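>>> Kindly generate the corresponding structure for this input.
(chains A, B, C and D)
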2 protein chains.
Amino acid sequence: MKGRKEKAPAKAVAPLADINTEEKIKNAAREVFHKNGFAATRTRDIATAAGINLALLNYYFRSKQKLFDIIMLETLQGFVRSLLEVFNEEQSSFEKKLEIFAERHIELMRQHPGVPIFILSEIRSSPESLIQKMGVVDLILKTAFVRQLRQGIKEGRFAPVEPLHVVMNLLGMTAFPFVAKPLLKEMGRMTDKEYDQLMLERKKMVPRWLIASLKAK
Amino acid sequence: MKGRKEKAPAKAVAPLADINTEEKIKNAAREVFHKNGFAATRTRDIATAAGINLALLNYYFRSKQKLFDIIMLETLQGFVRSLLEVFNEEQSSFEKKLEIFAERHIELMRQHPGVPIFILSEIRSSPESLIQKMGVVDLILKTAFVRQLRQGIKEGRFAPVEPLHVVMNLLGMTAFPFVAKPLLKEMGRMTDKEYDQLMLERKKMVPRWLIASLKAK
DNA sequence: AACTATTTTAATCATTTGATTAAATCTTTT
DNA sequence: AAAAGATTTAATCAAATGATTAAAATAGTT
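Model prediction:
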């Protein structure tokens, strides 16, 4: 243990107009990790993508694992936040929340198509740590969205159903097409442009399909 | 290149009552690959799980990649076959196919919960080769199932919809809960047993939800 | 400019990991 | 039983990979 790297490098003057090294590494790491996952990523891939010397990665982030943890945490937070934000909104109706969520969530995934499969495939064999890192997720069944769903059931507007089923259906209909894109695209013999067109259609349709399903006996 | 391993080892007498080495390796490989994926799997993990000497893996399968290819191909075929079998059945109605598919597909995934995320996460960054290995998938839009869907739309029993949307919704509702199990289980603060109970419920519910959505304007 | 602290580089380590080899053991055939 | 062939083992290799080090370069301060 030498002293030089005991603490993180001091953040010197921010090189305005140009991006600093730490950010360059993080951006490259985000891209490569999202694309290939932790195990298939070489620290050299990240260094090359960032256009930096390999040693700088360890100088700024100590280890591949620590860098990954940062990227994963930020990625998860970005996704969970956007979801909870909509679900917690107190004013709007259940139906309106559905519309806003589908619109936002699908748009978010259009901008970052690799993120859903990244999250899911990293979580699959990860220790408790990662799942607890998202302690936020178990807040979902306490949101206004779920409360309104239960209310709708009580009033007889919707058929009785376990709310988690509805969350599964909603996320299944929005996220799955991104998770399974290579497969589904091949099924439909589609170009990326055509596939994207379907995603746009789904922004409007998913809420309707879901509402209809809630009325099924 | 020595001669000894130029060809595959001769399959000698099958050791009845006991499983042979090749099968032991394949079974262990299937388990480990399904759990951790290609990149995160060490050949030593497989050897240990199979209870064999590391060199035997290469003796029987030449390389990690070749062993993986075999496992992946078999895994894919198992999944696609069960899907096409139902969709191609000429006699049954559209609604009946839906019921049978949901029942079979969910049951298959209950037996092999790691398979869906395994397939999807390996496919994501795989070269064309893997996707073409499943040339079968693009047959789906030519099945009786899709033909009957189009017919139903023409007759006005269903609202007009691109069939691929319906396939997305169906697979999203069946497969996604398995793909995202760690996340969804945490959301619902559920035990494995409780989560499995939900999967059983979905066998009956997914067809109803999907039919209802088809009638949504 | 001289001095100090920070950032970057090239070279190198140590470990992990896929694969191979040669010898040993076991099985089948003669 | 001897010979031939198949299977298994222990030891080892070579390349890949995460990480470190010492020195060089750069920026900031006096």
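
>>> remind me, longest helix of chain A?
For chain A, the helix reaching the highest residue count under DSSP state H is reported as helix A:64-88.

>>> Show me where chain A dips below the pLDDT cut-off.
For chain A, residues meeting the criterion pLDDT under 70 lie at A:1-18, A:127, A:129-130, A:132-138.

>>> OK, contacts around the most centrally placed residue in chain A?
Among the residues of chain A, the one closest to the centroid is A:Phe79, at 3.9 Å (Cα atoms, centre = their mean). Applying Cβ atoms under 8 Å, 6 or more residues apart in numbering or on different chains, one finds that A:Phe79 lies in contact with A:Leu108, A:Val115, A:Ile119. Backbone N, C-alpha and C define where each C-beta goes, glycine included.

>>> now swap in A:Leu56 and tell me
For A:Leu56, counting by Cβ under 8 Å, 6+ apart, the contacting residues are A:Thr21, A:Ile25, A:Ala47.

>>> most surrounded residue in those residues?
Comparing the contacts of A:Leu56 by number of neighbours (other Cβ atoms under 10 Å in any protein chain shown), A:Ile25 comes first, having 22 neighbours.

>>> Nearest residue to that one in space, please, no chain neighbours.
Nearest-residue entry for A:Ile25: A:Ala50, 4.9 Å, with adjacent residues in sequence omitted and distances by Cβ to Cβ, 6 or more residues apart in numbering or on different chains.

>>> could I get the helix or strand harbouring A:His34 in CSV with only the CA atoms?
Take DSSP states H and E as the rule and A:His34 turns out to sit in helix A:21-36. Written as CSV, here are the backbone C-alpha positions of helix A:21-36 (Å, rounded to 0.1, in the frame of the first residue of the first chain):
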residue,chain,number,x,y,z
THR,A,21,-10.2,12.2,-17.9
GLU,A,22,-12.4,10.9,-15.1
GLU,A,23,-15.5,11.6,-17.2
LYS,A,24,-14.0,10.2,-20.3
ILE,A,25,-13.3,6.9,-18.5
LYS,A,26,-16.8,6.8,-17.0
ASN,A,27,-18.5,7.5,-20.3
ALA,A,28,-16.4,4.8,-22.1
ALA,A,29,-17.1,2.4,-19.2
ARG,A,30,-20.8,3.0,-19.4
GLU,A,31,-20.8,2.3,-23.1
VAL,A,32,-18.7,-0.8,-22.9
PHE,A,33,-20.3,-2.3,-19.8
HIS,A,34,-23.8,-1.6,-21.2
LYS,A,35,-22.9,-3.3,-24.4
ASN,A,36,-21.0,-6.4,-23.1
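
>>> Counting by contacts, list what that helix packs against.
With contacts defined as 3 or more Cβ pairs under 8 Å, 6 or more residues apart in numbering or on different chains; DSSP states H and E, the secondary structure elements packing on helix A:21-36 are helix A:43-50, helix A:54-61, helix A:64-88, helix A:115-124.

>>> Turn the ones you listed into JSON lines, including distance to A:Tyr195.
Formatted as JSON lines, those follow (distance: least, Cβ to Cβ, whole Å):
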{"stretch": "helix A:43-50", "distance to A:Tyr195": "26"}
{"stretch": "helix A:54-61", "distance to A:Tyr195": "35"}
{"stretch": "helix A:64-88", "distance to A:Tyr195": "21"}
{"stretch": "helix A:115-124", "distance to A:Tyr195": "15"}
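
>>> ok, and which of these has the densest surroundings?
Taking mean count of other Cβ atoms under 10 Å in any protein chain shown as the contact definition, the stretch among these with the greatest mean neighbour count is helix A:115-124, which reaches a mean of 22.

>>> List the neighbours of it that are in contact with it.
Counting by Cβ under 8 Å, 6+ apart, the neighbours of helix A:115-124 from elsewhere in the structure are A:33-34, A:37-38, A:72, A:75-76, A:79, A:109, A:130-131, A:175, A:178-179, B:37, B:114, B:117, B:120-121, B:124, B:179-180, B:182-183.

>>> same thing but 6 Å
In this structure, residues lying in contact with helix A:115-124 by Cβ atoms under 6 Å, 6 or more residues apart in numbering or on different chains are A:His34, A:Gly37, A:Leu130, A:Ala175, A:Phe178, A:Val179, B:Ile117, B:Ser121, B:Arg124, B:Val179, B:Ala180, B:Pro182.

>>> How about stretch A:88-106?
Residues outside stretch A:88-106 that contact it (Cβ under 6 Å, 6+ apart) are A:Ser82, A:Val86, A:Thr143, A:Ala144, A:Phe145, A:Gln148, A:Thr174, A:Met199, A:Lys203, A:Val206, A:Pro207.

>>> rewinding a little: okay, the residue nearest to the centre of chain A and chain B: tell me how far apart.
10 Å (Cβ to the nearest Cβ, to the nearest Å).

>>> do the same with A:Gly37
With the distance defined as Cβ to the nearest Cβ, A:Gly37 ends up 7 Å from chain B.

>>> Then A:Pro163?
When distance is defined by Cβ to the nearest Cβ, A:Pro163 is 8 Å away from chain B.

>>> got the phi/psi numbers for A:Arg189?
Note on A:Arg189: its backbone torsions stand at phi 50, psi 50 [degrees, to the nearest 10].

>>> What count of nearby residues applies to it?
Neighbour number of A:Arg189 under other Cβ under 10 Å is 11.

>>> What of the one 3 residues further on?
By other Cβ under 10 Å, 10 other residues sit near A:Asp192.

>>> What of the one 3 residues further on?
Neighbourhood size, A:Tyr195 [other Cβ under 10 Å]: 17.

>>> nearest spatial neighbour of it, skipping sequence neighbours?
Spatially, and ignoring its direct neighbours in sequence, A:Tyr195 is nearest to A:Lys185 (5.0 Å; Cβ to Cβ, 6+ apart).
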